[in-house]
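J.: Generate coordinates for the sequence data below:
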Amino acid sequence: MSQQFYQFNINQLNGEEISLSEFKGKVVLIVNTASNCGLTYHYTGLEKLYQKYKDNGLVIIGFPCNQFGKQEPGTSEEIQEFCSTNYNVTFPLSEKIEVNGSDVHPLYKYLKKELKGKLNNSIKWNFTKFLIDRNGVPFKRFSSTVEPEDITPFIDQLL
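T.: Okay, here's the model as predicted:
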C-alpha cells in the first residue's frame with residue numbers, strides 16, 4: 001500500500017481542512033475544475049458517477065483552478081453556489097488551487113510525477129482526471145477531453 005497519497009491535506013471550499021487519509025480504502029477521482037469552461041458540463045457526468053458509485057467506495061474531489069483561460073474567477077462561495085445550483089454537485093470541492101507552476105498544490109505535484117502526461121507532466125486544461133486505487137496508488141490519468149462516463153470501466157475495475 002502506498003501511503004504517499006494519504007499524506008496530503010486539502011482545504012474544502014468551506015475552509016475546512018481534510019486529510020486524504022480519510023479516504024483510505026476508497027477509489028478516489030481527482031479533477032481540476034472550472035465554472036466558465038467549455039467542459040464545465042463535465043460536472044453533470046462527474047455527479048452521475050458519484051451518485052452511482054459513492055456507496056461502493058468512490059470519492060470524487062473537484063479542485064477549482066483559475067490557471068486556464070481565467071475560467072474560475074469566483075470566490076469559494078460563488079464556486080459552491082454555481083456548482084450546487086447549476087449541476088447539483090454533492091461531491092467535495094477544494095478551495096481554488098494551482099495545478100501547474102511554482103505555486104502548484106503539493107498533491108498535484110505528486111500526481112503529475114506519478115502519472116505523467118503525453119508530452120510533459122503539466123496539466124493541459126480544466127477537467128484533467130486522476131484515478132487513485134483503494135490503496136492510494138495513482139492508477140490512471142485521463143485528459144480533459146475524456147468524458148466522465150468513459151472512466152466507468154476503470155472505476156468498475158478498481159471497485
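J.: pLDDT below threshold where in this protein?
T.: For the chain, the stretches flagged by pLDDT under 70 are 1-2.
J.: quick one: the strands in it?
T.: With strands called from DSSP state E, the chain shows them at 9-11, 17-19, 27-33, 58-64, 129-132, 138-142.
J.: can you list the ones you listed in CSV and add mean neighbour count?
T.: From N, CA and C alone the C-beta is placed, and that goes for glycine too. Listed next are those as CSV, based on neighbours: other C-beta atoms under 10 Å:
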stretch, mean neighbour count
strand 9-11, 16
strand 17-19, 12
strand 27-33, 25
strand 58-64, 23
strand 129-132, 23
strand 138-142, 19
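J.: and Ser94, what does it touch?
T.: Listed by C-beta atoms under 8 Å, 6 or more residues apart in numbering, the contact set of Ser94 reads 10-13, 61-64.
J.: Kindly report the same for Val146.
T.: Val146 touches Lys129, counting by C-beta under 8 Å, 6+ apart.
J.: Just read off the phi/psi values of it.
T.: When read as degrees, to the nearest 10, the backbone of Val146 gives phi -70, psi 120.
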